[in-house]
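In: Let's see this in three dimensions:
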Amino acid sequence: MWLACALIVLFSVGFVLPVMLDITTTPDSEFIALSKGMWLMLAGAFWIFGAAAWLLVGRPRRPQLRYRHGQYGDGFGPAEALLRHPAAQAAGGYFDAGNWAAGLGAPRPVGPDDDPDFLEELNRRIHGPLDDA
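Out: Numbers count the residues shown, from 1 in each chain. The predicted structure follows:
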């Protein structure tokens, strides 16, 4: 008897707890009919029925990322995906979208530890000017 009760409790906690976490992590702007607090109270008070109501009625529809024929999501390929990224939008016209892979091989800025002029200046500052006497 106690085993059946323990299984019911484990099932209900294992089902309701993730639903309540989903409710709390959903942004406030995505709630339509009831507020976040009302959904939490509903799922907490009516456990399995409240959690099922959230999954069936309350949970906002989120777009699914699907892979189809070399493309993700809305049907854009790698070049378009790169252009949609905020870093690529900030880069402006620094690379051509049609030849986006060529931009990966472009010369990159040299770090200070790889710059010979910087290393020479740093050595001069540490050891002082070298006399050729």
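
In: so where do the helices sit in this protein?
Out: With DSSP state H applied, the chain shows helices at 2-25, 36-45, 47-53, 78-84, 86-91, 116-127, listed in chain order.

In: closest one to residue 61 among these?
Out: Put simply, out of the helices of the chain the one that sits nearest residue 61 is helix 2-25, at 13.4 Å, with distance taken as Cβ to Cβ. Just so you know, the C-beta spots here come from the backbone N, C-alpha and C atoms, and that holds for glycine as well.

In: Quick one: mean pLDDT over that closest one.
Out: What helix 2-25 shows for mean pLDDT is 88.

In: other SSEs contacting that helix?
Out: With contacts defined as 3 or more Cβ pairs under 8 Å, 6 or more residues apart in numbering; DSSP states H and E, the secondary structure elements packing on helix 2-25 are helix 36-45, helix 47-53.

In: Which among these is found nearest to residue 13?
Out: Each of the helices and strands packed on helix 2-25 was checked against residue 13 via Cβ to Cβ, and the shortest separation belongs to helix 47-53, namely 9.0 Å.

In: Can I get the closest one in PDB, CA atoms only?
Out: Listed next in PDB are the C-alpha coordinates belonging to helix 47-53 (Å, rounded to 0.1, in the frame of the first residue of the first chain):
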ATOM      1  CA  TRP A  47      -1.500  19.300  -9.100                       C
ATOM      2  CA  ILE A  48      -2.000  16.900 -12.000                       C
ATOM      3  CA  PHE A  49      -5.100  18.600 -13.400                       C
ATOM      4  CA  GLY A  50      -3.500  22.100 -13.200                       C
ATOM      5  CA  ALA A  51      -0.300  20.900 -14.800                       C
ATOM      6  CA  ALA A  52      -2.200  19.100 -17.600                       C
ATOM      7  CA  ALA A  53      -4.200  22.300 -18.100                       C
END
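
In: Can you tell me what sits against it?
Out: Under the criterion Cβ atoms under 8 Å, 6 or more residues apart in numbering, residues 12, 15-16, 19-20, 39, 42-44, 46 lie in contact with helix 47-53.

In: Break the chain into its domains for me.
Out: Per automatic domain parsing, the domain ranges recorded for the chain read 7-58, 63-99.
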